[in-house]
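# I would like to see how this sequence folds:
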Amino acid sequence: MSTPKSALQRRAGDSVVPAHPPTVQITLEEWETKAPLSDLALRSVAAVQAASEQPPLPLKSSIADTDASRPATPNLRHPAKFGSRPPTPLPAATRALASHALDPKQPIQTPQQFYDWFAQIDRSVTHSQEAHFRAHVAMVAGHLDTASMLLERIDEVEQEVDGMLDGWRTVEQSGRNIKDACERLLQERDELLELTGEIDARLEYFQELEHATRVLNNPGESLVLQTDFLYMVERIDICIEYLKDHRYYKEAEVYLLRFQQCMTRAMTLIKMFFLASMRALATDVSKRLSEKDVSATAQMHLLYTRFRSVTPQLAPLLGELERRAASHPEELSALLSECHSAYFSVRKSLLVGRLTEEIRGLDPTRTELVELTNAGCTYLKQLCTDEFLLFREFFDSGEEQLYAYLESLCDYLYDDLRPRILHETRLTTLCEVCTVLQALTVLDVTELPDEPPDEPSVDTEHSKPNGIGKLHISRLLQMVLQDAQTRLFFKAQAVIQTDIRNYIPKQEDLAYPDKLIEVRRPESQFDIKEKEAVSRLFQLPSLDRKEAWYPTLQKTVWVLSQLHDYVKPAIFEDIAQEAISLCRQSLISSGSILSQRNASAGALDGELFLVRHLLILKEVANTLTVAGKDDQNQIGLAGMSVPDTVTSILSKTTALLPEALFASLGMPRGHERIRDTKHDIDEDLKRACQNVISLCSKPLCEPLREWVDRVRAFNASRSVSPHPNEPKPLLTEQTWATQSVAEELHGKFVEACERDLRISVTRLRLYLEDNRTVSILLMHVKEAIVDGYMTYRDTVWNMYAGTLKRTVFSEESLKQSLNVICDS
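Down below sits the predicted model:
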């Protein structure tokens, strides 16, 4: 890289040696970048450059001696050379001044002088010829000096620039430091401001005590109605919560105690204002009610509308008291209880006179119990509803106290109603009383009218919650309903003991099957409608002839239908189990009495009577689910119809009791047997069905069975004869075993089937009205007959040389014959 100084040296000539060595090696571009020239400087450089392109002549050369190739000739020696006319003579002084410096000072006289003068001229010519070079060298030297000076100035400027750059960097670093310091100061200022704000925010809770104390010290009861009172209470509440969360603050416990005292004072002012308002309102209303000829509408206005007119003023204050009492029950719950007590005391003092007058108008000693219960409880329900709605407009808590107050109002009627219920002897009347009470209980108030919007509150986040939802009349009627249910229960037990357990059957009660024949006669439309109006609790479509039921069964179903909806399920199950068990025992005893009337027909009537009524009783038990519920994974008999029940009992039996029956009843086989009501019914029903099957089939097959047993005994005696050598008598030679006797037995069997079996089928259809049930029993009867006859057939089949093979029935032909008899 070359510097401006070396460039000038090359421009002057390579032979010129720089006067000064280079100092700083920088490029022209860096120079231009670091020291840019202004317009004036650029013009100056251009002017210098233009002047240096035409250097001036040497200072010692004459203007006239422009030709350096020949020596100058003195003017005096060649005067004619400048013109044709000789010059004008000049004075001597002028000529002396105008002489050349190379002119000889003295006239040349000798050759040596000439040579000296010529040498001088020669040296002058030579000097004149080299003058412009020397001038140029001088000029270049001057330029070099100027360049050196410029380089020195540039170095100085560069040093100045470096100094300025160092100063700028120092200033920049100082500015950055100042900026950082300022930012730190600003951050510290923000932290101080934030700390100041936090301190102010914390001190604000403590400073609120002075404002609250000043507000509470204002005289007058109307203080609670001022606009800033509730705001002040809200602020106290916030301060209390804050100080509870920051007990570690200095003097926090002291301020917390003082704030709680302020809260107690504020709530006490609300309580005093409420009590004063209630007393003034009660005094005014009592005075107006004591006047004569006050209409019912005016009474309602005084008792309810007047009280509702003060709720916009009192409800917000009571709402604040309730909310604070819920947050601070130890300090403020007593104040709220005093407000509740004062309210109930005022209301009761105003309502007792009107309430006793209304109850006296019902004439509790003479009015029918059902009418008294309906009218009195309806009036109490309306009264309690009005009181509940009015209380709800004032308060939003104290539900237990409210129900205690309403129960105290109901006691005025219950004192007259309860003795009437406890001394009532009619079961139907007690049921009607329970119906009335349950109807009023079911019709509880499900929705209440919305509350009117409160005054705009300061704190919208803590709006008054609706803690009391609806009125439950059942709580108020529960006591009298329990009395009625208890009386109903004991009366039902008395009826069960009198009309079921200790019932003595009359002659007409056991007039079977005459009663069944009488029932099947055509009935009038009026009688049918009356029967349809009987209790619909037990829907027994297969057994709808309730007039033909035994009286104890009728009484059992009637009692249970009366109790079903009025007592608790557990109590109902107990009394239902007792009633059904006693009814079953009475049916068994009555069936035994009926069977003893006639040895032949009476026995079948007694068993069919028992089957008929046990089936009804079992369906009643299944409907009521008297026994404990079976496992959900087991299959019970609760939903089985009468034919299904008979099928389950008679089919797939082990000792005529199906395995499925044990599992469905939850009973283990063997010694562990659960003796519940339904199981006892099943046992008795199974036994009765066995007896019916036996009574229908045994008279037909008994002669055949006796004859077969005699034949088997004779054959057995022949095989064990004590005299083996003696000739043994033949079976066919016996008078009782001849072919004619066997044919006679067959004929009597056919006649018995045509006569006795047809009569039995008719009785079955008379007692059991369901055709499927009859078919199931007949199927087992036919199976028993076929089994008995097949034993006889197998015995005579190979006797008498096979002559009776065409006489006796085959199994298929016997079944067809029995089907024809049973279906006819």
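# burial check on R793, number of neighbours?
Using other CB atoms under 10 Å, the number of residues around R793 comes to 20. Just so you know, the C-beta spots here come from the backbone N, C-alpha and C atoms, and that holds for glycine as well.
# out of everything not next to it in sequence, what's closest to it?
Closest residue to R793 apart from its sequence neighbours, by CB to CB, 6 or more residues apart in numbering: V808 at 4.9 Å.
# just checking, that neighbour touches F749?
No: using CB atoms under 8 Å as the test, V808 is too far from F749 to be in contact (9.5 Å).
# shared neighbours of these two, which are they?
Counting by CB atoms under 8 Å, 6 or more residues apart in numbering, the shared contacts of V808 and F749 are Y792.
# immediately after whichever helix or strand A266 is part of, which helix or strand?
Following DSSP states H and E, one finds A266 within helix 252-289. Using DSSP H and E, the helix or strand that follows helix 252-289 in sequence is helix 296-300.
# quick one on the thing from earlier: now do the buried residues in the helix holding A266.
Within helix 252-289, the residues that qualify as buried by neighbour count (16 or more other CB atoms under 10 Å) are 252, 255-256, 258-263, 266-267, 269-271, 273-275, 277-278, 281-282, 285.
# the helix or strand in which T795 is found - contacts with which helices or strands?
If you go by DSSP H and E, T795 is part of helix 771-796. With contacts defined as 3 or more CB pairs under 8 Å, 6 or more residues apart in numbering; DSSP states H and E, helix 771-796 has these neighbours: helix 642-650, helix 677-719, helix 739-752, helix 758-767, helix 811-823.
# just name the most buried of those.
Of all the helices and strands packed on helix 771-796, helix 642-650 has the most neighbours on average by mean count of other CB atoms under 10 Å, namely a mean of 21.
# quick check: mean pLDDT of it?
Mean pLDDT, computed over helix 642-650, is 57.
# now swap in stretch 219-236 and tell me
On average, stretch 219-236 scores 80.
# so K250 sits in a strand?
No: assigned with DSSP: H, G, I helix; E, B strand; the rest coil, K250 falls outside any strand and is coil.
# tell me the pLDDT of it.
Value for K250, per-residue pLDDT: 84.
# just give me the neighbour total for it.
8.
# tell me how far it lies from Y242.
14 Å (CB to CB, to the nearest Å).
# before we move on, back to that, pull the distance from the helix holding A266 to the chain's centre.
From the chain centre to the centre of helix 252-289 is a distance of 41 Å (CA atoms, centre = their mean, to the nearest Å).
# that one packs against which elements?
Counting by 3+ CB pairs under 8 Å, 6+ apart, helix 252-289 packs on helix 131-216, helix 227-245, helix 306-309, helix 311-327, helix 329-361.
# how much does it deviate in direction from helix 131-216?
50 degrees (axes from the mean of the first three to the mean of the last three CA atoms, to 10 degrees).
# can you give me the buried ones in the helix holding T795?
Within helix 771-796, the residues scored as buried using 16+ other CB under 10 Å are 773-778, 780-782, 784-786, 788-790, 792-793, 795-796.
# taking helix 677-719 as reference, get the angle to that helix.
10 degrees.
# centre of the chain to helix 771-796, how far?
65 Å.
# and what of stretch 555-570?
Distance of stretch 555-570 from its chain centroid, counting by CA atoms, centre = their mean, is 39 Å.
# for stretch 354-369, same thing?
Distance of stretch 354-369 from the chain centroid (CA atoms, centre = their mean) equals 49 Å.
# just the terminal-to-terminal distance for it.
The separation between the terminal residues of stretch 354-369, taken as CA to CA, to the nearest Å, is 22 Å.
# now do the buried residues in it.
Neighbour counts over stretch 354-369 (16+ other CB under 10 Å) mark 355, 358-359, 362, 364, 367, 369 as buried.
# what lies in contact with that stretch?
299, 303, 372, 375-376, 379, 383, 409, 412-413, 416-417, 420-421, 424, 429, 433.
# average model confidence for that stretch?
Stretch 354-369 carries an average pLDDT of 82.
# so which of the helices and strands packed on helix 771-796 gets nearest Q207?
helix 677-719 (80.3 Å; CB to CB).
# where does this structure dip in pLDDT?
For the chain, the stretches flagged by pLDDT under 70 are 1-24, 55-100, 220-221, 443-467, 521-545, 598-601, 625-675, 720-729, 733, 801.
# so what secondary structure elements neighbour the host helix or strand of E29?
E29 belongs to helix 28-34 when assigned by DSSP H and E. On a contact count with 3+ CB pairs under 8 Å, 6+ apart, helix 28-34 meets helix 131-216.
# packing partners of the one helix or strand S590 maps to?
According to DSSP H and E, S590 maps onto helix 569-595. Applying 3+ CB pairs under 8 Å, 6+ apart, we find helix 569-595 packed against helix 473-496, helix 551-563, helix 601-624, helix 677-719.
# tabulate the ones you listed in CSV, adding columns for distance to V48.
Putting these into CSV (distance: least, CB to CB, whole Å) gives the following:
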stretch, distance to V48
helix 473-496, 122
helix 551-563, 139
helix 601-624, 136
helix 677-719, 140
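# for those, which one sits closest to E204?
E204 lies closest, by CB to CB, to one member of the helices and strands packed on helix 569-595: helix 473-496, at 48.2 Å.
# buried set for that closest one?
By neighbour count on 16+ other CB under 10 Å, the buried set for helix 473-496 is 473, 476-477, 480-481, 483-485, 487-489, 491-492, 495-496.
# check stretch 213-231 too.
215-216, 223-224, 229-230.
# among those, which two are most distant?
L216 and L230, at 13.0 Å, using CB to CB across these.
# circling back: now the helix holding T795 against helix 601-624, angle please.
130 degrees.
# before we move on, the earlier item: OK, contacts around the residue nearest to R793?
Residues counted as contacts of V808 (CB under 8 Å, 6+ apart) are 746, 792-793, 796-797.
# using a markdown table, lay out those residues together with distance to V519.
Shown next, in a markdown table, are the contacts of V808 (distance: CB to CB, whole Å):
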| residue | distance to V519 |
| --- | --- |
| H746 | 40 |
| Y792 | 40 |
| R793 | 42 |
| V796 | 46 |
| W797 | 48 |
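# hang on, the earlier thing: how far away from the center of its chain is the helix holding E29?
How far helix 28-34 lies from its chain's middle: 82 Å, per CA atoms, centre = their mean.
# give the buried residues for it.
W31.
# neighbouring contacts of it?
Applying CB under 8 Å, 6+ apart, the external contacts of helix 28-34 come out as 4, 26, 154, 158, 161.
# now it - C-alpha only, PDB.
Extracted in PDB, the C-alpha atoms of helix 28-34 (Å, rounded to 0.1, in the frame of the first residue of the first chain):
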ATOM      1  CA  LEU A  28      -6.600   6.100   0.100                       C
ATOM      2  CA  GLU A  29     -10.000   4.700   0.700                       C
ATOM      3  CA  GLU A  30      -9.400   4.700   4.500                       C
ATOM      4  CA  TRP A  31      -8.100   8.300   4.100                       C
ATOM      5  CA  GLU A  32     -11.100   9.400   2.200                       C
ATOM      6  CA  THR A  33     -13.300   7.700   4.800                       C
ATOM      7  CA  LYS A  34     -11.600   9.100   7.800                       C
END
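# now do the buried residues in the following helix or strand past that helix.
The helix or strand immediately downstream of helix 28-34 is helix 39-53, counting by DSSP H and E. Using 16+ other CB under 10 Å as the test for burial, helix 39-53 gives no buried residues.
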